[in-house]
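Asks: 3D, please:
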Amino acid sequence: MRLTYPRMSARRQLRRAIPQPVRQRLYDWSPSRKRRWREVPGLENAPAAASVVLTFDDGPDPSCTPQVLEALNQAGAKATFFVLGRHVAEDPGLAREMLAEGHELALHGMTHRHHDQLSLEEAEAELRDGSEAIESAIGQRPTWYRPPFGSASPELADLCVKHGLGLAYWSAWGQDWEDSSAARIAGLVRRDLSPGTIVLLHDSARYGQRDDAEATVGSIPLIAAAARKEGLELVSLSTAVSDHAA
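Replies: Below you'll find the model as predicted:
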């Protein structure tokens, strides 16, 4: 099944004109992201001795999330999905399926905007409404929040405390928002795979620069095999944190 999305915008086509190795170095370098994370610290690595955390942003997406769930099931892996409240409200049944499969639903906001650039009232609505949408669907409130684009602010961090949300970033990624291959996505993740690594992937192509999300699905068994080779288990973020606390 091909997971297709609307035709690329001119902006996306312009990005693709930049050679992929150059784009990769720019993504990795990103001094603005590193500065933001120093100013607004969040969890970049889980305190886990023998596990890795797979996380997926931007879902749930009925054209991709079920395939991700199946790949995770076949790999014997559990993950944390940073979901958008609007998409949970559109498909609460899929959200419940994710929970039933043993995965964790965390918050990515109500909508996919730069939450750090919103007014305080708008930013709080993103956290409040998104959390309520998740709770309405699955009967549980999220305990983790990852802002879209990994962009937080001190005010947003304060709102996380107010709403009982831990702020989570990542320490490895597959850059799978791009038009890529499963092998390349897995290869990028393997560079930084170690105990406690939090891996950023996406179970939707809605907000990326690619036409479908098939490569992400295909990367899951490759990442799982690499983790097993290092003696690492793929678990949810809350599991990794709670296991350490125990």
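Asks: quick check: mean pLDDT of stretch 129-138?
Replies: Per-residue pLDDT values across stretch 129-138 average out to 98.
Asks: hmm, who's touching it?
Replies: Residues outside stretch 129-138 that contact it (Cβ atoms under 8 Å, 6 or more residues apart in numbering): 83-86, 88-89, 92, 95-96, 99, 105, 107-110, 140-142, 163, 165. C-beta: built from backbone N, CA, C; applies to glycine.
Asks: mind exporting that stretch as PDB, just the C-alpha atoms?
Replies: The C-alpha trace of stretch 129-138 is given here as PDB (Å, rounded to 0.1, in the frame of the first residue of the first chain):
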ATOM      1  CA  ASP A 129      -6.800  21.200  24.600                       C
ATOM      2  CA  GLY A 130      -4.400  18.600  23.300                       C
ATOM      3  CA  SER A 131      -4.200  16.900  26.700                       C
ATOM      4  CA  GLU A 132      -8.000  16.900  26.900                       C
ATOM      5  CA  ALA A 133      -8.400  15.400  23.500                       C
ATOM      6  CA  ILE A 134      -6.000  12.600  24.400                       C
ATOM      7  CA  GLU A 135      -7.800  12.000  27.700                       C
ATOM      8  CA  SER A 136     -11.200  12.000  26.000                       C
ATOM      9  CA  ALA A 137     -10.000   9.300  23.600                       C
ATOM     10  CA  ILE A 138      -8.100   6.900  25.800                       C
END
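Asks: could you measure the nearest residue to His103 once chain neighbours are set aside against Leu72, distance?
Replies: Excluding its sequence neighbours, the residue lying closest to His103 (Cβ to Cβ, 6 or more residues apart in numbering) is Ala79, at 5.2 Å. According to Cβ to Cβ, to the nearest Å, Ala79 and Leu72 sit 6 Å apart.
Asks: then Ala106?
Replies: 15 Å.
Asks: and what of Thr80?
Replies: Applying Cβ to Cβ to Thr80 and Leu72 gives a distance of 11 Å.
Asks: do Leu120 as well
Replies: Leu120 is 37 Å from Leu72, by Cβ to Cβ.
Asks: rounded mean pLDDT for the lengthiest strand in the chain, please.
Replies: In the chain, assigned by DSSP state E, the strand with the most residues is strand 51-57. Mean pLDDT, strand 51-57: 98.
Asks: moving C-terminal of that strand, what's the next helix or strand?
Replies: helix 65-75 (DSSP states H and E).
Asks: chain center to the one helix or strand Ala95 maps to: distance?
Replies: Element membership for Ala95 (DSSP H and E) is helix 92-100. Centre-to-centre, helix 92-100 and its host chain are 17 Å apart (Cα atoms, centre = their mean, to the nearest Å).
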